[in-house]
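Q: kindly return the folded structure for what I paste below:
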Amino acid sequence: MRLLILPLLLTAFMVNAQNKQAILIAIAEYPSESGWSSISSDKDVELLLPVYEAQGFQNPVVVRDKAANKEGILSAMRNFRDRCKPGDIVLVHYSGHGQQIADNNGDEPDGLDEALVAWGAPAEYYNGYNGEKHLRDDEFNELLLDIRGKIGSKGNMLVVVDACHSGTISRGVAKKRGGKAPLVPPGYQINSPKREDGSGYAAKTRGQAQSIAPMVLISASSFDEENSETFDERGVGIGSLSYAMAKSLSKVGENYSYRSLFADVLGVMNEKVPQQTPMVEGDVDYALFAGQYYKQEQYYDVREIKGKDIILNGGSLMGIYPETKVAFYPAGTISPNQSKAVAYGVVSKVSPLQSIIKPDAASAGIDLAKSWVFITEPSLGNVSLSCNIVKIKNPAIKKDIEALLATKRYSAKEQAADISIVETRNYLSFIRNSDGTIIDSIPLNMEMLSGKADQIMSRYAQNKYLRELKSGYANSIQMQLLPCDQDGNIIQSDNQNSLLALKAGSYVKVKVTNKGNNRMFYNIIDIQPDGQVNAILPMQSELTIKHAEQYVLEAGAERILPFVIDIAPPFGNEVFKLFASNEPFNLVPFIASAGLQTRGSNESVISAFKEDNIQTRGAAGVNKQEQQQLITNEVVFRIVE
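A: From the prediction side, this is the model:
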């Protein structure tokens, strides 16, 4: 591994001239009277220091053992902030125990704060202890926000937490980083669900002002898992996430983003500690330790392989239809144009949430289970889009668009078309005929104009599909918008039996009720009047299926979501649409990779349903034993001035 240090170091300085600052907090030897066992955090530092230095982080600050009591950590982080300058790239790494403790300010749905176990913090509650020696997530977040404010929007921060988040039953014989029950007084009420965000350690830093630095958090396990240590090639005990970071950073390539890094970390940890689910949150499409933003092209994960069939986590709801052609690339690929495909295939069947790929004969013997799948030739299946093109005057442009309509699932239609394509003096505009909304415009002199037109029309067709997708069991899960003030206080509305009209600048909360007999996982999207699609839940930084597991309602339960939504233009009819399934699913990666974003919020916040009751506009169904069931519900409201 050390042979790679020199070239990596050169690469780091060639790619980016920004200053790089790092702080590592590592606690291996806890005092015996605290009740915490010794762990291998000292080995984490030994392994990671040369790796981080090879990435350009010279003279990292290291806070170890007794020096890393709570006051020591607070002091070190504040001094570290003073060392940082605007535009710096910052790395914060913690290796040690983690624990949940009783919430002290009422901001946690489950009544528990995540906490880093500073040196000297007790493992068990004793009378009068209120968490003074633990570093709560709220306190940790304030330290991070302070640094992010100092380095500003041109800076960048990576936070790595190699600790446990909760006290669940131990698995295996490896050392645990945590593993203690929540530290709460006798009789303390712990609520369910456990969390409505990711790891907890930095979730509250989302949605802040644009003047602070973007941040990515990588943590060793999800909110409901323990974090086990592993062993390096010498048989030495080491933190599983620290080991995965070292291995992944030792093979950094060009055009490498935080998303690419996490894909490599995930691969290493899946081999070493397959029972764990590492988590990532934040602005993952920035270049690693550089600040440049990379546009991640849309991809799909392989769910499982059954015989010769490859089942994807993605179906018609995510823009995959029968006859779509795909290619398999190494995990972490930002764009297919920057890498080489390892295999190809064609989609044979779809349901709203899954699809089946038939790989080509050349893929035999290739392990595709960890690949990322990119669409090479889209198909709209039975989703239709009609276009009026009579107002295109330029013969060459009209010929290109006619050729596009002839080869895709679009059709030319003069009367009652879905959209009109209109040529003006300098632009080609795409207009929705139902209300005259301009969906998009492109310059007439744009290179590859027909390709851009294809993207606009395909996106609109997918949005049309989302709008029209209906379930025969919509009443089993219901969604309601509750007008409120900026602080979330509900305001009674007199508009209960008609189309809800909301003024731009007003606020709402969302209430979800499960009136069915089954537990349901749910996602919520927002379809704007101009066709833009935004994620509401999961939130934009919550990219994995594990994140989506938190958005679940038991049969008969209801929930008012704990954030306020700010209503903003464009004006017209808007749709909040809820999708629910018997298995967790996550639409955020597909919305985010299409260049869309979350509707503004002030916090950063179903096996009984039959497939034949879902109107999927004729898409062929995945085999019953392979499909997830889906139901929908929606609220339509009008945004007015």
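
Q: every contact and neighbour count from this point should use C-alpha atoms.
A: OK.

Q: for this protein, longest helix please?
A: In the chain, assigned by DSSP state H, the helix with the most residues is helix 449-468.

Q: next one: it to chain centre, how far?
A: In terms of CA atoms, centre = their mean, to the nearest Å, the centre of helix 449-468 is set 23 Å apart from its chain centre.

Q: flag every buried residue along that helix.
A: 449-450, 453-454, 456-466 (16 or more other CA atoms under 10 Å).

Q: show residues contacting that helix.
A: Identification of contacts with helix 449-468 by CA atoms under 8 Å, 6 or more residues apart in numbering yields 317, 319, 380, 383-385, 397, 400-401, 404, 440, 442, 527, 531-533, 575, 616.

Q: ok, now stretch 67-81?
A: 23, 25-27, 61, 63, 118-121, 133-135, 143, 146-147, 150.

Q: which residues of the stretch 401-550 of the chain fall in helices?
A: 449-468, 545-548 (DSSP state H, counting those that start in this stretch).

Q: what does the stretch 51-200 of the chain give?
A: Taking DSSP H, counting those that start in this stretch as the criterion, the stretch 51-200 of the chain carries its helices at 70-83, 137-151.

Q: and the first one, what's buried?
A: Of the residues in helix 70-83, those buried by neighbour count under the rule 16+ other CA under 10 Å are 70-74, 76-77, 80-81.

Q: could you work out the most separated pair of those?
A: In those, two members sit farther apart than any others by CA to CA. They are 70 and 81, at 16.6 Å.

Q: what are the boundaries of the strands in the stretch 251-400 of the chain?
A: For the stretch 251-400 of the chain, the strands identified by DSSP state E, counting those that start in this stretch occupy 279-282, 300-306, 309-312, 325-329, 343-350, 355-359, 372-377, 385-388, in order along the chain.

Q: out of the ones you listed, which is closest to residue 541?
A: strand 279-282 (4.8 Å).

Q: distance from that closest one to the middle of the chain?
A: Relative to its parent chain, strand 279-282 has a centroid offset of 7 Å by CA atoms, centre = their mean.

Q: averaged pLDDT, that strand. What do you get?
A: This predicted structure assigns strand 279-282 an average pLDDT of 87.

Q: repeat for stretch 492-510
A: Here the average pLDDT along stretch 492-510 is 76.

Q: mind checking the end-to-end distance for that stretch?
A: 14 Å (CA to CA, to the nearest Å).

Q: stretch 368-380 now?
A: Its start and end residues considered, stretch 368-380 measures 25 Å (CA to CA).

Q: going forward, the N-terminal residue is numbered 64.
A: Okay, residue one is now 64; in that scheme the one you just asked about reads as stretch 431-443.

Q: which positions within that stretch qualify as buried?
A: Of the residues in stretch 431-443, those with enough neighbours to count as buried (16+ other CA under 10 Å) are 431-438, 441-443.

Q: what's around residue 347, how many residues?
A: 25 (other CA atoms under 10 Å).

Q: that one reaches residue 321, doesn't it?
A: Yes. With the criterion set as CA atoms under 8 Å, residue 347 and residue 321 qualify as a contacting pair; they are 4.8 Å apart.

Q: can you give me the distance of the spatially most central residue of the chain to residue 342?
A: For the chain, residue 606 is the residue whose C-alpha lies nearest the centre (CA atoms, centre = their mean; 1.8 Å). Taken as CA to CA, the spacing of residue 606 relative to residue 342 amounts to 9 Å.

Q: low-confidence ranges in the stretch 164-313 of the chain?
A: With pLDDT under 70 as the threshold, the stretch 164-313 of the chain has low-confidence stretches at 167-174, 228-273.

Q: what segments of it are strands?
A: The residue ranges that make up the strands of the stretch 164-313 of the chain, judged by DSSP E, counting those that start in this stretch, are 175-179, 198-199, 219-225, 278-282, 292-294, 300-302.

Q: neighbours of residue 466, how many?
A: The local packing count at residue 466 equals 12, with neighbours defined by other CA under 10 Å.

Q: let me fix that: residue 429
A: Using other CA under 10 Å, residue 429 has 9 other residues around it.

Q: what score does it have for pLDDT?
A: Model confidence at residue 429, given as pLDDT, is 90.

Q: for residue 104, same thing?
A: Among the per-residue scores, residue 104 shows a pLDDT of 93.
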